[in-house]
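K.L.:
Provided below are the primary sequence and the corresponding predicted coordinates.
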Amino acid sequence: MPVYSMTGYASAQHGTSATGAETDARAPQSRRLGLEIRSVNSRFLDLSFRLPDELRAMEPALRSLLTARLKRGKVEVRAALENEDSNALQDPPPRLLQRLNSIQDSVRAWLPDAAPLTVADALRLCANAPSGSQDWSEAVPALAEEALEALMTAREREGKRLATMLLDRLKQLRALAAQAVPMVPQLVEQQRLRFMERWKEAMALTDGATLPEAARDRALTEATAFAIRIDVAEEITRLDSHLDEIERLLKKGGEVGKRLDFLIQELHREANTLGSKSAALDLTRISVDMKVLIEQMREQVQNIE
């Protein structure tokens, strides 16, 4: 399965296919329906609809269609109805003009000084009046399906880009971990030699007051404690394990966003521990570089479904 981003945008218009095909002859031609879907990241699936009054009854069907395909994201659906030719003036229905005239007479009976309606006022009010002449019950679901399919394609394309970027960061983290592994034995050996030198210096100053064996054992004990304190083998092992799991999830695809987010937190924890145990500038640098890469991954994982 592909990895899906939660970020995407798609739009569709009634009577026009995504490739710009001719208008469907069976579709009503007097008005055009446009629908767009926007999606951004969110912890859960959050749907919102902005529909004209004529299409309010279609909201449950649209909600059911979206929840069947989308699992996470803040999704906004907008629909708009407009005349096929926005520059053409439609003849107002006589019944509506009669109604406007009746309302005007009632208003002016109470407010004699009120200005009469102009032609522009009448045209504007007639244009904004809801029209029940067209049935959108079949057109809206079909149009929403078309827009949703385009949205899924956009989200898949963005998800592929995110997965490629994350795999590249995984490769860099593995390289940093490989640099850190040989550093610890070298540091331990350097510290052991340093302790032994201190032991020899102490023996020269004590003039036999302290038993050589006891002083040597103490130096070796301190060296062992130091080795344990700076040992990052467990952190490197766990870090490698998390990297393997992230790579597996990215190749598996599907709904992996939440699991990836958890694994990124674990990676950050191991990198922090690695830095706190650091006994050399090179190891500190590796820890900082790891945290920079992990933070970049965290920002992108937030967009994965």
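P.N.:
Everything's here; your move.

K.L.:
you'd agree Tyr9 is in a helix?
P.N.:
No. With DSSP: H, G, I helix; E, B strand; the rest coil as the criterion, Tyr9 is strand rather than part of a helix.

K.L.:
wait, it sits on Val40?
P.N.:
No. Using CB atoms under 8 Å, Tyr9 makes no contact with Val40, being 9.6 Å away. Every residue, glycine included, has its C-beta placed from N, CA and C.

K.L.:
between the two, what contacts are shared?
P.N.:
Listed as contacting both Tyr9 and Val40 by CB atoms under 8 Å, 6 or more residues apart in numbering is no residue at all.

K.L.:
residues in contact with stretch 110-130?
P.N.:
Residues from elsewhere that reach stretch 110-130, judged by CB under 8 Å, 6+ apart: Asp53, Glu54, Leu89, Gln90, Pro92, Pro93, Leu96, Leu97, Leu100, Gln104, Val107, Arg108.

K.L.:
can you list those residues in TSV and add neighbour count, secondary structure and pLDDT?
P.N.:
Output for these, formatted as TSV (neighbours: other CB atoms under 10 Å; DSSP: H, G, I helix; E, B strand; the rest coil; pLDDT from 0 to 100):
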residue	neighbour count	secondary structure	pLDDT
Asp53	8	helix	82
Glu54	18	helix	83
Leu89	10	coil	61
Gln90	13	coil	66
Pro92	16	coil	77
Pro93	13	coil	78
Leu96	14	helix	84
Leu97	15	helix	85
Leu100	17	helix	87
Gln104	15	helix	87
Val107	13	helix	88
Arg108	14	helix	85
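
K.L.:
from these, which two are the most distant?
P.N.:
By the measure CB to CB, Glu54 and Arg108 form the most distant pair in the contacts of stretch 110-130, at 31.0 Å.

K.L.:
count of neighbours near the residue nearest to Leu47 when sequence neighbours are not counted?
P.N.:
Closest residue to Leu47 apart from its sequence neighbours, by CB to CB, 6 or more residues apart in numbering: Val75 at 5.2 Å. Per other CB atoms under 10 Å, the neighbour tally for Val75 reads 23.

K.L.:
no more questions from me, cheers.
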